[in-house]
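Visitor: please find the sequence and the predicted model below.
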Amino acid sequence: MLLELKKEIIYGPVRSRRLGPSLGVNVLPGNSKYCTFNCVYCQYGWTDFERMRRTGRNDFPSRDQVKEAIEAALLRLAPAPPAYITLSGNGEATLHPEFTGIVADMIEIRDRLSPNSQTAILSNSTRVGNARIREALARLDVRIMKLDAGSQQMLSRYNQPMPGIRLDRIVDGLAKLGRVTIQSLFTAGSAGNFSDDEVECWLRQLEKIQPVAVQVYSLDRGYPSEGISPLTTMQLESIRDAARARDIHAEVFGR
């Protein structure tokens with residue numbers, strides 16, 4: 001079963017498999033998925049690029065609304081603050097037209113109301129080539145960035161990005177950003193990304209990025225494509241071990 005979209009700006013705290021106790025912040029429209037990818041495995045289903053074009057920026061919460069929601073949530077949670085305050089939600093958070101300002105606000109509120117919390121983001125990495133976005137990302141404590149493909153062909157087939165998004169620009173931006181954690185979801189099947197050749201291409205990209213950690217996982221929620229299936233624990237561990245053999249710190253999450 002696919003997940004329902006986040007209707008509000010704040011959700012949780014939830015227990016994230018990547019971060020632990022995390023207060024979710026959705027800066028995207030609450031009535032539709034808003035993403036630069038159309039991944040075959042997305043827990044929210046397919047991306048309607050045409051609807052995104054029609055919507056434009058009209059349905060985004062304002063910067064002030066986001067700021068007020070984060071502040072109210074942290075005041076409500078005191079004196080038991082979340083371990084993380086995480087930008088995530090219904091797609092790609094960096095698409096918010098005031099993303100850089102939202103990051104600044106989130107850090108200011110955290111410093112004032114919840115100094116022991118860390119700021120974080122779950123991102124699909126497609127806007128990391130933009131210098132202003134990259135500067136904002138660099139201010140966050142934890143940056144968990146997607147990389148499922150090692151070739152442009154696989155990116156196009158597996159993540160199905162909007163036109164103009166290129167793997168080489170993503171990899172270059174991640175390398176420039178530095179100190180990133182890479183999250184990679186592998187699946188089997190005719191529409192999947194798991195094969196010896198594809199894993200090898202992916203590993204070469206990781207060597208360029210030099211992440212601080214890699215999180216390898218597979219399906220454990222609903223997904224829209226009929227051409228994919230979960231990997232076994234043994235298969236995930238084989239990917240992890242191949243990364244470790246190249247001195248890349250990798251762990252298996254989920255299964």
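Guide: Great, that's in hand.
Visitor: could you tell me which residues make contact with residue 39?
Guide: When contacts are counted by C-beta atoms under 8 Å, 6 or more residues apart in numbering, residue 39 is found next to 148, 158, 159, 160. Where you see a C-beta, it was placed from the backbone N, CA and C, and this is true even at glycine.
Visitor: 7 Å - rerun?
Guide: Contacts were defined as C-beta atoms under 7 Å, 6 or more residues apart in numbering; by that measure residue 39 touches 158, 159, 160.
Visitor: what distance do you get for it to residue 179?
Guide: Per C-beta to C-beta, to the nearest Å, residue 39 is found 25 Å from residue 179.
Visitor: now, the contacts of residue 39 that are in helices?
Guide: Among the contacts of residue 39, none falls in helices (DSSP state H).
Visitor: so which helix or strand of the chain has the lowest pLDDT on average?
Guide: With mean pLDDT, DSSP states H and E as the measure, the helix or strand of the chain carrying the lowest mean pLDDT is helix 49-55 (a mean of 83).
Visitor: using CSV, write out every CA atom in stretch 247-255.
Guide: The C-alpha trace of stretch 247-255 is given here as CSV (Å, rounded to 0.1, in the frame of the first residue of the first chain):
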residue,chain,number,x,y,z
ASP,A,247,37.1,1.8,1.8
ILE,A,248,33.6,3.3,1.6
HIS,A,249,31.7,3.0,4.9
ALA,A,250,28.4,1.3,4.0
GLU,A,251,25.6,-0.3,6.1
VAL,A,252,22.5,-2.2,5.3
PHE,A,253,19.3,-0.6,6.5
GLY,A,254,15.8,-2.1,6.8
ARG,A,255,15.6,-5.8,5.8
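Visitor: could I get the buried residue list for it?
Guide: Residues of stretch 247-255 classed as buried: 248, 250, 252, 253, 254 (neighbour count, 16 or more other C-beta atoms under 10 Å).
Visitor: and stretch 196-211, by the same measure?
Guide: Residues of stretch 196-211 classed as buried by neighbour count (16+ other C-beta under 10 Å): 198, 199, 201, 202, 203, 205, 206, 209, 211.
Visitor: picking up where we left off before, got the buried residues of stretch 247-255 as TSV, with pLDDT and distance to residue 141 columns?
Guide: Formatted as TSV, the entries for these read as follows, by pLDDT from 0 to 100; distance: C-beta to C-beta, whole Å:
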residue	pLDDT	distance to residue 141
248	98	21
250	98	21
252	97	24
253	90	19
254	73	23
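Visitor: which one of these is nearest to residue 189?
Guide: Using C-beta to C-beta, residue 254 comes nearest to residue 189 of these, at 17.2 Å.
Visitor: could you pull up phi and psi at the nearest residue to that closest one once chain neighbours are set aside?
Guide: In space, not counting the residues next to it along the chain, residue 254 is nearest to residue 217; the distance is 4.2 Å by C-beta to C-beta, 6 or more residues apart in numbering. With angles defined as degrees, to the nearest 10, residue 217 sits at phi -150, psi 180.
Visitor: quick one on the thing from earlier: now the buried residues of stretch 247-255 in JSON lines, with distance to residue 69 and secondary structure?
Guide: Formatted as JSON lines, the entries for these read as follows, by distance: C-beta to C-beta, whole Å; DSSP: H, G, I helix; E, B strand; the rest coil:
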{"residue": "248", "distance to residue 69": "37", "secondary structure": "coil"}
{"residue": "250", "distance to residue 69": "35", "secondary structure": "strand"}
{"residue": "252", "distance to residue 69": "34", "secondary structure": "strand"}
{"residue": "253", "distance to residue 69": "28", "secondary structure": "coil"}
{"residue": "254", "distance to residue 69": "29", "secondary structure": "coil"}
